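# 3D model of this:
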Amino acid sequence: MYERVGGGFLIALAGALAAVWIHMPLPWMLGALLATAATRISGVGTACPRVARNAGQWVIGTSLGLYFTPQVVGHIGVNAGSIAVGMLFALGLAFLGTALLLRFTDADFKTAWFASAIGGASEMANLAERHGARIDRVATAHSVRVLLVVVAVPFVFQWWGVTGIDPTIPGPRAVDAAGLSLLVALTSVAGMLFMRWNLPNPWVLGPMFAAMALTANDVELSALPEYVPKAGQLLIGWSLGDRYRPDFFRAAPRFIAVVAAYTVLALALAFGLGALLSLWSAAPAPTLILGTTPGGIAEMAITAKVLQLGVPIVTAFHVTRMVFVVLVTGPVYALLQKRRIAARE
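Take a look at the predicted model:
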């Protein structure tokens, strides 16, 4: 087991360093992700332990929380309307994806619905299991969606040349050993509490809310050392790439193709919605687009941080959307299922 984990880490690290060398966007995450996914699909038996992903998520959550100064929190309130639109947009995408999967694949309604919901992969898999949907198809759909979004969006934004147009500076800027130790302890306890309470994305949201509570109240314990965010990105990329297996693309090619097409369409719609929201919001279009993209919290927050595109606004979009989707996906499914049964009677 140790050899598999060590081998997996070295492959992820080599991929990240190669990505840095060729100037790939988000090299520490994308390089690790692509190298790990390629080797796993080709049959290399490496492994990424859960603790590695948890550690990566802790880094992302903590670093995000440090951006929420009192001034930034007030700025987010100004964009509450746009954030609400983003939540409803995510629900609309679930209807679109469900319709496409029902029309072009053999998926049943419950599987199509939970595969299309723009929520966390683990949360949607849990809901799918609870309602008797095919967990393997749901997990596959979310893996394909996240992979496409994480890979495509940084390249599009790099080509667009919008990096750095909406920078946000974290509250703490100096590293203090004692303060850093306390920050690590507090955010780690928050992560463990969120996990114990079975809350979604515990190792992102727990540390993020703990760091946010400190920063929003002008309590600046310490900044994170410069190498820590890079290490977090590496761990996230490694864990994402480790999801793939040799039979991944052979298991259900039509299903995967439709999910890919749905993801591309959702991305195009997100770009359009972000452009429209920029007419209403003070935030620039690239920030709003990144906030509405159908990616995960950690991955899109990393993208915003590295590209300097309104980290707190993008985080607020994705956190509120995730909570909204997790809360409404089950009840909306139950309502739709009742209507489908009534229509057949």
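
# Do a quick rundown of the strands in the protein.
Assigned by DSSP state E, the strands in the chain number zero.

# pLDDT weak spots in it?
Regions of the chain meeting the criterion pLDDT under 70 cover residues 345.

# Please report the residue range of the longest helix in it.
When every helix of the chain is counted residue by residue (DSSP state H), the longest turns out to be helix 311-344.

# Next, the buried residues of that helix.
For helix 311-344, the neighbour count (16 or more other CB atoms under 10 Å) marks 311-326, 328-330, 332-333 as buried. Just so you know, the C-beta spots here come from the backbone N, C-alpha and C atoms, and that holds for glycine as well.

# How about Val258: what's its closest non-neighbour residue?
Sequence neighbours aside, Phe104 is the residue nearest to Val258 in space, at 4.9 Å (criterion: CB to CB, 6 or more residues apart in numbering).

# and the gap between that neighbour and Ala257?
Plainly put, Phe104 is 8 Å away from Ala257 if you go by CB to CB, to the nearest Å.

# try Gly45
Going from Gly45 to Ala257 by CB to CB gives 27 Å.

# How about Ile83?
As for Ile83, its distance to Ala257 is 32 Å (criterion: CB to CB).

# what about Asn126, how many residues close to it?
18 (other CB atoms under 10 Å).

# re earlier: neighbours of the residue nearest to Val258, just the number please.
The burial count for Phe104: 14, using other CB under 10 Å.

# Offset the numbering so it begins at 294, please.
Yes, from this point I'll number from 294; that puts the last item at Phe397.

# Comparing Ile376 and Ala550, which residue is more hemmed in?
Legend: neighbour count by other CB under 10 Å for Ile376 and Ala550, higher for Ile376 (23 against 14).

# In contact with the more buried one, which residues?
Ile369, Gly584, Ala609, Phe610, Thr613 (CB atoms under 8 Å, 6 or more residues apart in numbering).

# Reformat those residues as a markdown table; add distance to His316.
Shown next, in a markdown table, are those (distance: CB to CB, whole Å):
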| residue | distance to His316 |
| --- | --- |
| Ile369 | 32 |
| Gly584 | 26 |
| Ala609 | 30 |
| Phe610 | 28 |
| Thr613 | 34 |
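
# ok so, going back, does the residue nearest to Val551 really touch Val552, like I thought?
No: Phe397 sits out of contact with Val552 when judged by CB atoms under 8 Å, with a separation of 10.2 Å.

# For the residue nearest to the spatial centre of the chain, which non-adjacent residue is spatially closest?
With the centre of the chain defined as its mean C-alpha position, the nearest residue by CA atoms, centre = their mean is Gly589, 1.5 Å away. Distance criterion CB to CB, 6+ apart; nearest residue to Gly589, sequence neighbours excluded, is Val439 at 5.5 Å.

# same for the longest helix of the chain, what does it pack against?
Secondary structure elements in contact with helix 604-637, counted by 3 or more CB pairs under 8 Å, 6 or more residues apart in numbering; DSSP states H and E, are helix 343-358, helix 363-371, helix 373-397, helix 402-409, helix 414-423, helix 495-509, helix 578-585, helix 590-600.

# Deepest in the core, which of those helices is it.
Mean neighbour counts were taken over the helices and strands packed on helix 604-637 using mean count of other CB atoms under 10 Å, and the top value, a mean of 27, falls to helix 578-585.

# what's that helix in contact with?
So helix 578-585 is in contact with 375-376, 379, 382, 446, 450, 453, 455, 458-459, 563-564, 566-568, 570-571, 574, 593, 596-597, 600, 602-603, 606-607, 609-611, going by CB under 8 Å, 6+ apart.

# go again using 7 Å as the cut-off
Here helix 578-585 makes contact (CB atoms under 7 Å, 6 or more residues apart in numbering) with 375, 379, 382, 450, 455, 458-459, 563-564, 566-568, 570-571, 574, 593, 596-597, 602-603, 606-607, 610-611.

# Compute the inter-axis angle for that helix and helix 373-397.
60 degrees (axes from the mean of the first three to the mean of the last three CA atoms, to 10 degrees).

# Just give me how far the longest helix of the chain sits from the chain centre.
Centroid displacement of helix 604-637 relative to its chain, using CA atoms, centre = their mean, to the nearest Å, is 16 Å.

# tell me the angle that helix makes with helix 578-585.
Using the same axes, to 10 degrees: helix 604-637 against helix 578-585 is 50 degrees.
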